[in-house]
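>>> let's see this in three dimensions:
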Amino acid sequence: MKLLQSTCTEAGHGAYTVCDDCETVIEGSDAALPLDPTNHGTHGTTHHDAKAATCIETGHGAYDECNGCHKATVEGADAEIPINSDNHVNTRNVEAAASTCTEAGHGAYTVCDDCETVIEGSDAALPLDPTNHGTHGTTHHDAKAATCTETGHGAYDECNGCHKATVEGADAEIPINPDNHDWDDGVVTKEATCSAEGEKLFTCKNDKTHTTTEKIAINPDAHKWGEYVYNNDATEEADGTETRKCEYCDKEETRTAEGTKLEPQYPPVDSTEVFTDVAEGKWYTKYIDYVATYGLMNGMSETTFEPSGKLTRAMFVQILANMSGVDTANRDVTTTFTDVPANKWYTPAVKWASENGIVNGISETTFEPMTNIQRQQICVMLVRYAEYAGITLDAKTDEMTFTDADRIQNYAKEAVVICQKAGIIDGMDDKDGNKIFAPRDTATRAQVATMITRFHENFVNVK
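Have a look, this model is predicted:
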């Protein structure tokens, strides 16, 4: 075998002779020679440009690399160049950032993206700026008045970042105000009355130990009434009254005492139902009703009144006795009149009228009880009765001159004028339409009922 030179990757050998059959080296040596790192044989090479060392990577010079052993073809040509801390390849400029209330800012600077070394300027943190709230946004707080238990503050906006007022001091604490209470609705502790003020107690909702009292104005309607007391003033026409008195101011209040109306002493009489000869709608019906109600005149029988009948002197004296309330039950009496014997139905009445100056008689000894009474005699007896009973016959109308006034006898003239002005009589119309009195004519029972009603209603039964 020929000599084979060693390369950088394969060992060579010297020249030798070998037996092809037994493979025994006959001459020379087939021992492997050492590798030759400088003999790159036919491996070929790859060129590497020089690479400058940077702040984070080592560099090297330009060299060729054997594709076999992957080493520089010139020893030491790929020697490492140490890191160069001043050689920054990838840099960027950082703009200045202002500090906010929560984040520190910095100035403008240039930094290496590889080693993060600041090359120019400074990335040193700037102090926080409490007035710069950036994009945090704000929350508004309305003003809160200080109360008796809590401090207050003015209206302010709070930064959502640093949670402080955006204007320094705007959230400054307002000291507790001992006079600012949150009172409740109050409780009346003393009711106002018609004569005294009341009181209302208010309690602070913040502190129940804080209370205040307010006066309640006098309430003129707040009376303390006593029991109603009946005034005993009922009449036949209306209920009576009852009065109560306020225990505070002595004010009195009167109301109707329901159901106290008196039963009439004289229940109304409908003469048309009692007397068959008294019809509804007649001019005299209401007068007969009146005299029958008050018991001033009786009928001629239980069922007849005889409105057109005549009235005797005895009957008229009995009417006056009935009006006066004289007890005429005892008929066993005597009079000075010879024609008025004892035990007649009219004797007690004539006796009473004679003794009280109401009648004088036709003469000193006679009364003529059964003689029909004249109209002028009625006036005289009524005026004398009024004097006896203490009744003043006030004038209620102007004096009227009757065309037959000359027929009025002297003893009756004054009495007729009094009765006419008092409205007891008003005369009659004659056939020529003249107003006459007919003093000497007899009066019918209906006419007498009319005169007695006017006399009694206006001068005796005055309500």
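
>>> look at residue 310 and say how many residues are nearby.
Residue 310 is flanked by 14 other residues according to other C-beta atoms under 10 Å. Quick note: C-beta positions are derived from backbone N, CA and C, even for glycine.

>>> touching, it and residue 446? I think so.
No. Judged on C-beta atoms under 8 Å, residue 310 makes no contact with residue 446 at a distance of 10.8 Å.

>>> any idea which element residue 292 lies in?
Take DSSP states H and E as the rule and residue 292 turns out to sit in helix 285-293.

>>> again but with residue 119, I slipped
Remark: residue 119 resides in strand 118-121, with elements defined by DSSP H and E.

>>> can you list contacts of that strand?
88, 91, 94, 107, 108, 109, 110, 111, 112 (C-beta atoms under 8 Å, 6 or more residues apart in numbering).

>>> can you list the strands that it pairs with?
With DSSP bridges as the test, strand 118-121 is paired with strand 109-112 (antiparallel).

>>> quick one: buried residues of the strand it pairs with?
Buried residues in strand 109-112, counted by 16 or more other C-beta atoms under 10 Å: 109, 111, 112.

>>> which one of those residues sits closest to residue 421?
Distances from residue 421 to these, taken as C-beta to C-beta, are shortest for residue 109 (135.8 Å).

>>> what's the closest non-adjacent residue to that closest one?
residue 121 (3.1 Å; C-beta to C-beta, 6 or more residues apart in numbering).

>>> buried ones in the helix holding residue 292?
Neighbour counts using 16+ other C-beta under 10 Å place 285, 287, 288, 289, 290, 291, 292, 293 of helix 285-293 among the buried residues.

>>> burial measure for residue 50, as a count.
Neighbourhood size, residue 50 [other C-beta under 10 Å]: 11.

>>> from residue 452, how far out is the residue nearest in space to the middle of the chain?
In the chain, the residue lying closest to the centroid (C-alpha atoms, centre = their mean) is residue 185, at 15.2 Å. Distance, residue 185 to residue 452, using C-beta to C-beta, to the nearest Å: 74 Å.

>>> and what of residue 320?
Applying C-beta to C-beta, the value for residue 320 to residue 452 is 9 Å.

>>> also residue 405?
23 Å.

>>> ok, these two, which is more surrounded?
It is residue 452, of residue 405 and residue 452, that has more neighbours when counted by other C-beta under 10 Å, with 25 against 14.

>>> pretty sure the more buried one is in a strand, no?
No. Read with DSSP: H, G, I helix; E, B strand; the rest coil, residue 452 is helix and lies in no strand.

>>> show me what contacts it?
Contacts of residue 452 by C-beta under 8 Å, 6+ apart are 287, 291, 296, 297, 319, 323.

>>> over to residue 231?
Here residue 231 is in contact with 240, 241, 242, 243, 254, 257 (C-beta under 8 Å, 6+ apart).

>>> pick the one among those closest to residue 383.
residue 240 (36.5 Å).

>>> ok, that closest one - how many residues close by?
Residue 240 has 17 nearby residues by other C-beta under 10 Å.

>>> spatially nearest residue to it, not counting backbone neighbours?
Nearest residue to residue 240 in three dimensions, chain neighbours excluded: residue 234, at 3.1 Å (C-beta to C-beta, 6+ apart).

>>> now swap in residue 336 and tell me
Among residues not flanking residue 336 along the chain, residue 354 sits closest, at 6.6 Å (C-beta to C-beta, 6+ apart).

>>> isn't the one you found right up against residue 337?
Yes. Assessed by C-beta under 8 Å, residue 354 is found in contact with residue 337 at 7.2 Å.

>>> gap between residue 435 and residue 11?
Remark: distance between residue 435 and residue 11 (C-beta to C-beta) = 191 Å.

>>> can you point out the buried residues in the top helix by length along the chain?
In terms of residue count, the longest helix belonging to the chain (DSSP state H) is helix 375-389. Applying a neighbour-count criterion of 16+ other C-beta under 10 Å, one finds 375, 376, 377, 378, 379, 380, 381, 382, 383, 384, 385, 386 buried in helix 375-389.

>>> for stretch 343-350, same thing?
Buried residues in stretch 343-350, defined by neighbour count with 16+ other C-beta under 10 Å: 344, 346, 347, 348, 349, 350.

>>> how about stretch 161-179?
Buried residues in stretch 161-179 (16+ other C-beta under 10 Å): 161, 162, 164, 165, 166, 170, 171.

>>> likewise stretch 435-451?
By 16+ other C-beta under 10 Å, the buried positions in stretch 435-451 come out as 436-439, 441-451.

>>> gap between it and the chain center?
In this view, stretch 435-451 has its centroid 71 Å away from the chain centroid, taken as C-alpha atoms, centre = their mean, to the nearest Å.

>>> can you measure across that stretch, start residue to end residue?
Using C-alpha to C-alpha, to the nearest Å, the end-to-end distance of stretch 435-451 comes out at 17 Å.
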